[in-house]
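Output the structure for:
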Amino acid sequence: MENLTVRTPLKQPIVFELEGFYVPPGYGPLFFFLALLTYIVTLLGNGVVMWVIVTDKNLHRPMFVMVCNLVVCDLLGATVVLPRLMMHFLMGQKAIAYIPAIAQAFCAHSYGAAIQTILAVMAYDRYIAVCEPLRYHSIMTSARLHCCCGLAWFIAELLIFVLFSFHINVPLCGRTIQHVYCTNRSILRLSCRPTPVNNFYGLCMTWSLSTGVFLVIAFSYIKILSACLKQGRSDSSVRSKAFQTCATHLVVYLLYEIASLIIIMLYRFPSVSRDIQKFFGIFIFAFPSLANPFIYGIVTKDLRNSVKKRFAARIHHKH
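Presented below is the predicted three-dimensional model:
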């Protein structure tokens, strides 16, 4: 009788229930405060980076324009999961309607796709900057820069749009989404029938995108390393300059890939607690978005100096 009920398509309007975390009695406000603090620091850190880049004309260069795109991506990732997580901790709210669920899942996957395509474009930019320094400004013109950034977002959004177009006319029979937030996979698990086309496209898209981005970044850094070894023999400052130019990008890429690898490994071991899996599902959105502004500030000298000047000028103006 239970199986018969599960296979009965849900009637409109559909309202899902997120499984969420197990919150011990009395700990909801504490978890809410931690999530709120993480979100506020993320907004402030990314906001400062964007404000400094937009207002400082010396930073109106291709690398920092791409950093701005990465900031937008980080803000999207944090906003996808943290506000609803705070509502879950504070009020125990787990219900989510069909349209908001699809929107949240779409934005979550858009974050994952866009951050990779933007990092691929940044790798190409660093390759041109280090390997073709004399031709850099003629190659990376303003038009080409905006074309590359627009293409990165277009490819990411197109891939995700096709992924979610498969949701049309898929009858859903369950209500409980076994996660803290909605994803394509968690929603399709509630389907009344198998979804092989959806699964095949999702697998091919993920593999192709990740592999393509890795190849672009690997090619770029092999060329950069080769150029550094050749030029570094005559000028030791070349290596230092190349390091400062590329270190931020490489650290951000490795941070995202390591977080993704941890999640993939955890889901391959059923013995791992579901709450731990859910925690790292939040981790891939929250931690890179929180850490990236500090990585930019610590490693990128021009951005760090600009931030110092801006705040010093404001403090001096007040006194």
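
where does the protein have low pLDDT?
Counting by pLDDT under 70, the chain has low-confidence residues at 1-13, 231-245, 298, 313-319.

And the helix or strand where Leu43 lies, what does it pack against?
Here Leu43, judged by DSSP states H and E, is contained in helix 28-55. Packing contacts for helix 28-55, counted by 3 or more Cβ pairs under 8 Å, 6 or more residues apart in numbering; DSSP states H and E, involve helix 62-91, helix 274-299, helix 301-318. Using the backbone N, CA and C atoms, a C-beta is placed for each residue, glycine as well.

Export these to CSV and append columns for mean neighbour count and distance to Tyr127.
Below are the helices and strands packed on helix 28-55 laid out as CSV (neighbours: other Cβ atoms under 10 Å; distance: least, Cβ to Cβ, whole Å):
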stretch, mean neighbour count, distance to Tyr127
helix 62-91, 21, 12
helix 274-299, 19, 18
helix 301-318, 13, 19
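
who wins for proximity to Cys173 among those?
helix 274-299 (21.5 Å; Cβ to Cβ).

got a markdown table for the helices and strands packed on helix 28-55, with distance to Ala247 too?
Output for these, formatted as a markdown table (distance: least, Cβ to Cβ, whole Å):
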| stretch | distance to Ala247 |
| --- | --- |
| helix 62-91 | 12 |
| helix 274-299 | 5 |
| helix 301-318 | 10 |
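
first to last residue in stretch 170-181, what's the distance?
Taking Cα to Cα, to the nearest Å, stretch 170-181 runs 20 Å from one end to the other.

That one: how far from the chain's middle?
23 Å (Cα atoms, centre = their mean, to the nearest Å).

Mind listing what's buried along it?
172, 174, 177, 179-181 (16 or more other Cβ atoms under 10 Å).

got a markdown table for the residues you listed, with secondary structure and distance to Phe32 too?
Formatted as a markdown table, these follow (DSSP: H, G, I helix; E, B strand; the rest coil; distance: Cβ to Cβ, whole Å):
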| residue | secondary structure | distance to Phe32 |
| --- | --- | --- |
| Leu172 | strand | 30 |
| Gly174 | coil | 28 |
| Ile177 | strand | 21 |
| His179 | coil | 19 |
| Val180 | coil | 14 |
| Tyr181 | coil | 16 |
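
Can you pick out the most distant pair from those?
Leu172 and Val180 (19.3 Å).

re earlier: also compute the angle for the helix holding Leu43 relative to helix 62-91, please.
160 degrees (axes from the mean of the first three to the mean of the last three Cα atoms, to 10 degrees).

Output stretch 147-156 as CSV - backbone C-alpha positions only.
The C-alpha trace of stretch 147-156 is given here as CSV (Å, rounded to 0.1, in the frame of the first residue of the first chain):
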residue,chain,number,x,y,z
CYS,A,147,33.3,38.7,-24.9
CYS,A,148,35.3,36.1,-22.9
CYS,A,149,33.4,36.9,-19.6
GLY,A,150,30.1,36.8,-21.4
LEU,A,151,30.9,33.5,-23.1
ALA,A,152,31.9,32.0,-19.7
TRP,A,153,28.5,32.9,-18.2
PHE,A,154,26.6,31.9,-21.4
ILE,A,155,28.2,28.4,-21.6
ALA,A,156,27.5,27.8,-17.9
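
Just the residues contacting that stretch, thanks.
65-66, 69, 110, 113-114, 116-118, 120-121, 124-125 (Cβ atoms under 8 Å, 6 or more residues apart in numbering).

Among these, which lie within helices?
65-66, 69, 110, 113-114, 116-118, 120-121, 124-125 (DSSP state H).

coming back round to it: columns distance to Leu261 on top of the buried residues of stretch 170-181, output as TSV?
Formatted as TSV, the buried residues of stretch 170-181 follow (distance: Cβ to Cβ, whole Å):
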residue	distance to Leu261
Leu172	31
Gly174	29
Ile177	24
His179	19
Val180	20
Tyr181	20
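
Out of the ones in helices among the contacts of stretch 147-156, which comes closest to Leu18?
Among the ones in helices among the contacts of stretch 147-156, and counting by Cβ to Cβ, the member closest to Leu18 is Ser110, at 19.4 Å.

Wait, the closest one touches Phe161, no?
No - applying Cβ atoms under 8 Å as the test, Ser110 and Phe161 come out as separate, 9.1 Å apart.

Which one's more surrounded, those two?
Ser110 (22 against 12; other Cβ atoms under 10 Å).

Relative to Ile96, how far out is that one?
18 Å (Cβ to Cβ, to the nearest Å).

contacting residues around Asp74?
Taking Cβ under 8 Å, 6+ apart, one finds 42, 46, 115, 288-289, 292-293 in contact with Asp74.

which residue packs closest to it, ignoring adjacent ones?
Closest residue to Asp74 apart from its sequence neighbours, by Cβ to Cβ, 6 or more residues apart in numbering: Ser289 at 3.9 Å.

show me what contacts the one you found?
Ser289 neighbours (Cβ under 8 Å, 6+ apart): 42, 46, 74-75, 77-78.
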